[in-house]
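**Student:** here's my sequence, what's the structure:
(4 chains)
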2 protein chains.
Amino acid sequence: MADIPTAAISRLVTYLRILEQLESNEVSRTSSNDLAERAGVTAFQVRKDLAYFGRFGTRGMGYTVPLLKRELMRVLGLNQTWNVVIIGTGRLGQAIANYPGASDYRFQYVGLFDINPELIGKEVRGLSVKHIGSLSEFVQEKANTSGRVDMGFIAVPPEQAQAAAQTLVEAGVKGILNFAPIVIQPRTLERAGLHEPADEWHGVIIENVDFLAGMKRLAFYILNPHLKITDTEEHA
Amino acid sequence: MADIPTAAISRLVTYLRILEQLESNEVSRTSSNDLAERAGVTAFQVRKDLAYFGRFGTRGMGYTVPLLKRELMRVLGLNQTWNVVIIGTGRLGQAIANYPGASDYRFQYVGLFDINPELIGKEVRGLSVKHIGSLSEFVQEKANTSGRVDMGFIAVPPEQAQAAAQTLVEAGVKGILNFAPIVIQPRTLERAGLHEPADEWHGVIIENVDFLAGMKRLAFYILNPHLKITDTEEHA
DNA sequence: ACGTGTGAAGGCCTTCACAGCG
DNA sequence: CGCTGTGAAGGCCTTCACACGT
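**Tutor:** Purely as a prediction, here's the structure:
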């Protein structure tokens, strides 16, 4: 596969959402122009983004909504089930666990973990919160029964986020969605001096969702409205 | 001011966070190299980003942590108080309202709104949830007393997000942080046919925080690990 | 005739190398 | 001598125009 701009992936996610809306409105076809307007980008951009992955349209006609939707879901890997653990089950972690929509895409929460004794054993979304020390064991056992744990979500306070990431990686998780406002370092805490990622971090993908950062960016743009931000970035 | 890459603003936010960590560890000076490593970018990038806004370092010496921190806070507009209303006080809205850290930056929640009668009157973080119909009135009254309402956060279900945004804009809010997984259209619902933003949207800034999108991007990158994503995007 | 798919042009951000200053 | 600040080079993403298929 060719080299694909990171921003294009974010836009694909947006297109998919729009296709879902169209489908639930029983609209059966669309065009690069239509998608572009709804997504807030140019039609050129839409066609180019789609072209990275194949040819999904019909010249002169446009795109068939269900077909393009199916293709995008395949491309984005949303046809398969993703097993997810959440580290941190405070208010944020619970809000995430209960957020509707995740299950629409076969993201399945299989385990909740925390370090706070008061939360251990608590029921959240049908799962009993476990101590973070049992994560490795839990992941291993899952691998032998209901399938591997694919991702971990980090919803702990910032001071504990790096350690949580480390625990997840050691347990063998391949992707991390980090909600804490820090940059996860792809190396062990002990080897912080080395500039090379530690081995066990090889291939681990990290995505960040930082709404404090969003607030700060917003503050800046309100103060500096002349910097037009009709950018790709808004698809974060 | 020169034209500044959107991504640079996201990185500034990251640098600021790092400076805060350094300060709380009583580290008094740093360098572009040090910041770069902690932020996961190149030292060139750090220096270029800072250069957009001024000259904050000393040649041969590096940067003074408290000074650079102060300057970045000024640049990002975090020395002033921002009055914020939250639309939607379900689980997500409550988690946002209670998230610690916002108050560290003088983001002040002054009003909580919802459309669900069961939530009206409920106390969240010391504020009584009001009906969304009273938003305009509320904003107007605030403007005459404790100061203008600067931003609105949207934490409602996706179907209601566009309407919530519309309400916020009509009330005169200048920035929106949208947590719903949709693209806010800068136009009234009625004028959806027109391709021009409606007047009242002029100058309104929209930032998105979409963790479902984060999950989907993560799924894609786990499936396609060869697409190296050591990108700027991770500072979203 | 209409809208997609795409090679090529263009522009903007990043990278670089080094000048400049402490 | 060390590290910042910055003009210039480079590269990648976006934009464009048009060929192509229906």
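
**Student:** okay, now the domains of chain A?
**Tutor:** Following automatic domain parsing, one finds the domains of chain A at A:6-76, A:82-214.

**Student:** quick one: strands adjacent to the biggest strand by length in chain A?
**Tutor:** Ordering each strand of chain A by length in residues (DSSP state E) puts strand A:107-114 first. Strand A:107-114 sits in its sheet next to strand A:82-87 (parallel), strand A:130-131 (parallel), going by DSSP bridges.

**Student:** what packs against the next helix or strand after the shortest one?
**Tutor:** With elements assigned by DSSP states H and E, the helix or strand that comes after strand A:130-131 is helix A:135-144. Identification of packing neighbours for helix A:135-144 by 3 or more C-beta pairs under 8 Å, 6 or more residues apart in numbering or on different chains; DSSP states H and E yields strand A:82-87, strand A:107-114, helix A:158-171. Using the backbone N, CA and C atoms, a C-beta is placed for each residue, glycine as well.

**Student:** got a list of what A:Trp201 touches?
**Tutor:** A:169, A:186-187 (C-beta atoms under 8 Å, 6 or more residues apart in numbering or on different chains).

**Student:** and which of those is nearest to DNA strand D?
**Tutor:** Distances from DNA strand D to the contacts of A:Trp201, taken as C-beta to the nearest atom of the strand, are shortest for A:Pro186 (20.4 Å).

**Student:** and the closest one, how far is that from B:Ser10?
**Tutor:** As judged by C-beta to C-beta, to the nearest Å, A:Pro186 and B:Ser10 stand 19 Å apart.

**Student:** who's more crowded, these two?
**Tutor:** Taking other C-beta atoms under 10 Å in any protein chain shown, A:Pro186 and B:Ser10 do not tie; B:Ser10 has more neighbours (24 against 17).

**Student:** would you confirm that the more buried one contacts A:Gly214?
**Tutor:** No. The criterion here is C-beta atoms under 8 Å, and B:Ser10 misses it with A:Gly214 at 9.4 Å.

**Student:** before we move on, the earlier item: tell me the most buried of the strands paired with strand A:107-114?
**Tutor:** strand A:82-87 (a mean of 25; mean count of other C-beta atoms under 10 Å in any protein chain shown).

**Student:** for that strand, which outside residues touch it?
**Tutor:** With C-beta under 8 Å, 6+ apart, strand A:82-87 has contacts from A:93, A:96-97, A:105-114, A:132, A:135, A:138-139, A:142, A:146-156, A:164, A:167-168, A:173, B:215, B:219.

**Student:** re earlier: which one of the domains of chain A lies closest to DNA strand C?
**Tutor:** Per C-beta to the nearest atom of the strand, nearest to DNA strand C of the domains of chain A: domain A:6-76, 2.6 Å.

**Student:** residues in contact with stretch A:67-81?
**Tutor:** By C-beta under 8 Å, 6+ apart, stretch A:67-81 touches A:9, A:12-13, A:15-16, A:19-20, A:23, A:30, A:50, A:53-54, A:56-57, A:105-106, A:108, A:147, B:216, B:219-220, B:222-223.

**Student:** now intersect these with the strands, please.
**Tutor:** Reading strands off the contacts of stretch A:67-81 with DSSP E, I get A:30, A:108.

**Student:** please, a PyMOL command that selects the buried ones among the contacts of stretch A:67-81?
**Tutor:** Here is the PyMOL command that selects only those of the contacts of stretch A:67-81 that count as buried (16 or more other C-beta atoms under 10 Å in any protein chain shown):
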select buried, (chain A and resi 9+12+13+15+16+19+20+30+50+53+56+57+105) or (chain B and resi 216+219+220+222+223)
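
**Student:** hmm, who's touching stretch A:88-98?
**Tutor:** Around stretch A:88-98, the neighbours that count as contacts under C-beta under 8 Å, 6+ apart are A:86-87, A:102, A:109, A:112-114, A:116, A:119, A:122, A:124-125, A:127, A:129, A:153-157, A:160, A:164, A:179, B:91-92, B:94-95, B:98-99, B:211.

**Student:** what ranges of chain A fall below the confidence cut-off?
**Tutor:** A:1, A:188-198, A:228-236 (pLDDT under 70).

**Student:** helices along that one, start to end?
**Tutor:** With DSSP state H, the ranges of helices along chain A come out as A:6-24, A:32-39, A:43-51, A:65-76, A:91-98, A:135-144, A:158-171, A:211-223.

**Student:** just the ones you listed: most buried one?
**Tutor:** Here the criterion is mean neighbour count by mean count of other C-beta under 10 Å, and of the helices of chain A the winner is helix A:211-223, at a mean of 23.

**Student:** any chance of a markdown table for the strands paired with strand A:107-114, columns distance to A:Asp199?
**Tutor:** Shown next, in a markdown table, are those (distance: least, C-beta to C-beta, whole Å):
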| stretch | distance to A:Asp199 |
| --- | --- |
| strand A:82-87 | 22 |
| strand A:130-131 | 27 |
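
**Student:** that older thread, from the contacts of A:Trp201, which is closest to A:Ile4?
**Tutor:** Distance to A:Ile4 across the contacts of A:Trp201 (C-beta to C-beta) is lowest for A:Pro186, with 21.6 Å.
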